[in-house]
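Asker: Just to be clear, the model below is a prediction. Sequence and coordinates:
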Amino acid sequence: MSRQQSKRQQPAASPRNLGLAFRIYTLLWQIALPLLHRNPRLQEGWPERILSTPPPRADIWIQAASVGEAYLVRELLKHCDPNRSQTLLLTSNTAQGLAILQECQHRCSTTHPKLMIHCRSFPFDRPRIMARALDAIQPRLVVLLESEIWPGLLRACKEREIRTLLVNGRINSRSLRNYRIWPGLWRALRPDRVLAISEIDHERFALLFGPARVETMHNIKFDHLLAEQDDNQQPNPLAELLRPERPFLVLGSIRKEEEDDIARLITVLLKRETRLVIGLFPRHLHRLQAWEKRLSGLGLPWQLRSATIRPVRSGRIILWDRIGELRDSYTLARAALVGGTIARLGGQNFLEPLRCGLRPVIGPHWTDFRWVGEEIITEGLVHQVGDWQGAAVQLLADLTSPYDRLSIQKQARSYFQARQGGSQAAWNAVESMLTKGHS
């Protein structure tokens with residue numbers, strides 16, 4: 001995809017077409033809201049989602065979809081001027097993301113005493129709800145993180161001349177194809193400025209919104225990785241269950257589409273290394289029952305993490321049914337495979353095991369993480385293989401030939417440091433847009 005292609009002009013939607021699009025969008029929300037009300041995950045914060053509890057006024061509204069984006073907000077806020085009085089509204093779609101934003105609020109109460117922060121659940125993007133939200137908040141700037149492109153919010157901002165900024169922007173090819181079903185609509189709703197995390201994301205946003213307002217930046221996740229890399233000083237709560245004499249392997253973030261291949265991989269590894277203990281982490285917990293049935297059908301010994309209270313015997317598979325222990329597991333593992341990469345799924349986060357001192361094994365499909373840079377492969381920090389058989393060979397080599405974890409962590413830190421600075425660049429953009437908006 002060339003820059004010349006991205007510069008091809010596409011007409012914005014006419015007022016008539018834009019009105020038709022939003023009548024359809026409003027109708028879809030009318031149908032969806034009764035169904036969403038039945039979703040247990042959305043019950044928490046429901047009054048804030050439908051605006052029966054009005055949001056507070058704020059100078060800046062920052063929207064973070066979930067946990068990953070909320071951590072990026074934490075990096076952003078480190079660059080706020082501690083001597084400036086400002087009010088921020090931080091919102092998230094999930095309870096987990098909101099909890100991290102509330103941690104940010106608590107930290108800033110000490111480091112930035114003049115910064116007033118409110119945390120709320122993100123309102124549903126039904127146009128009428130978003131209009132009411134902006135009328136209540138009256139922000140000078142709305143900051144969106146990564147992929148938060150909400151048509152109701154963007155249109156309401158346009159109508160009220162509220163400036164919008166998308167930082168750490170990313171968009172995959174599937175999403176781009178869907179958005180470009182109605183390209184004129186998105187050209188009309190485009191944010192005032194977009195900072196994309198890679199050249200390919202720059203090209204995609206330029207195709208969607210037009211090239212004039214799109215720039216590139218370093219991914220804020222590199223700043224987050226540096227900030228968190230040394231946060232391994234507490235005793236590992238899994239150490240009593242995973243004894244060092246039994247090599248431990250993590251299969252992390254395994255997706256449904258690659259379960260057949262991973263089951264074959266497990267069978268081969270347990271035959272070749274009888275002392276092995278495997279930690280199997282499905283990407284989605286609703287796949288646990290499918291894995292229980294599959295492992296039992298193959299005659300493979302398994303146990304749930306929640307039922308594991310004694311040291312795990314050799315040759316066992318721990319089927320992980322607890323959230324929040326993947327990092328502790330990487331810290332104790334001798335080797336790791338990161339899922340979402342064996343099947344054509346775009347990849348999952350392989351930087352987490354790297355910062356824990358492991359050289360993770362990944363398959364050929366990691367397009368969603370190309371922003372990390374091909375150098376991570378060529379410098380030997382990550383092992384890329386072609387299929388599950390190649391993964392088996394590499395994992396067995398890693399299990400039998402342990403490497404210097406501190407050396408890998410040092411290499412990883414150097415790699416991250418060369419790409420840091422995204423959070424500062426993003427906050428500079430925030431300050432710049434506030435100044436322009438004020439003038």
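Answerer: Structure received. Numbering: from 1, shown residues only.

Asker: Which parts of the stretch 251-400 of the chain are helices?
Answerer: Under the criterion DSSP state H, counting those that start in this stretch, helices of the stretch 251-400 of the chain are mapped to 259-272, 288-297, 326-332, 351-355, 375-378, 388-400.

Asker: between the ones you listed, which gets the lowest average pLDDT?
Answerer: Mean pLDDT values for the helices of the stretch 251-400 of the chain show the minimum at helix 351-355, a mean of 92.

Asker: Tell me which other helices or strands that one touches.
Answerer: helix 220-228, strand 248-254, helix 326-332, helix 405-417 (3 or more Cβ pairs under 8 Å, 6 or more residues apart in numbering; DSSP states H and E). All C-beta spots, glycine's among them, are computed from the backbone N, C-alpha and C.

Asker: For it, output the C-alpha coordinates as CSV.
Answerer: Coordinates of each C-alpha in helix 351-355 appear next as CSV, following Å, rounded to 0.1, in the frame of the first residue of the first chain:
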residue,chain,number,x,y,z
LEU,A,351,6.5,-8.8,24.9
GLU,A,352,5.3,-9.9,28.3
PRO,A,353,7.4,-13.1,28.5
LEU,A,354,10.3,-11.2,26.9
ARG,A,355,10.4,-8.7,29.8
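
Asker: List the contacts of that helix.
Answerer: 221, 225, 228-229, 250, 252, 326-327, 330, 333, 336, 338, 360, 372, 381-382, 408-409, 412, 416 (Cβ atoms under 8 Å, 6 or more residues apart in numbering).

Asker: Figure out how far that helix is from the centre of its chain.
Answerer: Centre-to-centre, helix 351-355 and its host chain are 14 Å apart (Cα atoms, centre = their mean, to the nearest Å).

Asker: Can you give me the buried ones in it?
Answerer: L351, E352, P353, L354, R355 (16 or more other Cβ atoms under 10 Å).

Asker: All the strands of the stretch 151-300 of the chain, residue numbers only.
Answerer: Along the stretch 151-300 of the chain, counting by DSSP state E, counting those that start in this stretch, strands occupy 163-169, 193-196, 214-216, 248-254, 277-282.

Asker: Including mean neighbour count, mean pLDDT and distance to H365, could these go into JSON lines?
Answerer: As requested, the strands of the stretch 151-300 of the chain are exported to JSON lines (neighbours: other Cβ atoms under 10 Å; pLDDT from 0 to 100; distance: least, Cβ to Cβ, whole Å):
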{"stretch": "strand 163-169", "mean neighbour count": "25", "mean pLDDT": "98", "distance to H365": "22"}
{"stretch": "strand 193-196", "mean neighbour count": "24", "mean pLDDT": "98", "distance to H365": "21"}
{"stretch": "strand 214-216", "mean neighbour count": "18", "mean pLDDT": "97", "distance to H365": "24"}
{"stretch": "strand 248-254", "mean neighbour count": "25", "mean pLDDT": "98", "distance to H365": "13"}
{"stretch": "strand 277-282", "mean neighbour count": "24", "mean pLDDT": "98", "distance to H365": "18"}
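
Asker: Ok, which of these comes nearest T267?
Answerer: Ranking the strands of the stretch 151-300 of the chain by proximity to T267 (Cβ to Cβ) places strand 277-282 first, at 10.8 Å.

Asker: which strands and helices sit next to that closest one?
Answerer: Looks like strand 277-282 contacts strand 248-254, helix 259-272, helix 288-297, strand 317-319, helix 326-332 (3+ Cβ pairs under 8 Å, 6+ apart).

Asker: Deepest-packed of these, please.
Answerer: Among the helices and strands packed on strand 277-282, strand 248-254 has the highest mean neighbour count (mean count of other Cβ atoms under 10 Å), at a mean of 25.

Asker: Just give the number of residues close to P56.
Answerer: 11 (other Cβ atoms under 10 Å).

Asker: so who does F124 touch?
Answerer: So F124 contacts W29, L33, L36, R49, I50 (Cβ under 8 Å, 6+ apart).

Asker: of all those, which comes closest to G210?
Answerer: For the contacts of F124, the nearest to G210 is W29 (27.2 Å; Cβ to Cβ).

Asker: I'd guess the closest one is in a helix, am I close?
Answerer: Yes - applying DSSP: H, G, I helix; E, B strand; the rest coil, one finds W29 inside a helix.

Asker: Mark which of the contacts of helix 351-355 are buried, thanks.
Answerer: 221, 225, 229, 250, 252, 326-327, 330, 333, 336, 338, 360, 372, 381-382, 408-409, 412, 416.

Asker: Would you agree P139 is in contact with R160?
Answerer: No - using Cβ atoms under 8 Å, P139 is not in contact with R160, being 9.4 Å away.

Asker: tell me the secondary structure for the residue nearest the centre of the chain?
Answerer: By Cα atoms, centre = their mean, the chain has its centre lying nearest to G68, at 4.1 Å. Per three-state DSSP, the secondary structure class of G68 is helix.

Asker: Low-confidence stretches in the stretch 1-150 of the chain?
Answerer: 1-13 (pLDDT under 70).

Asker: so who does E273 touch?
Answerer: P247, L396, L399, T400.
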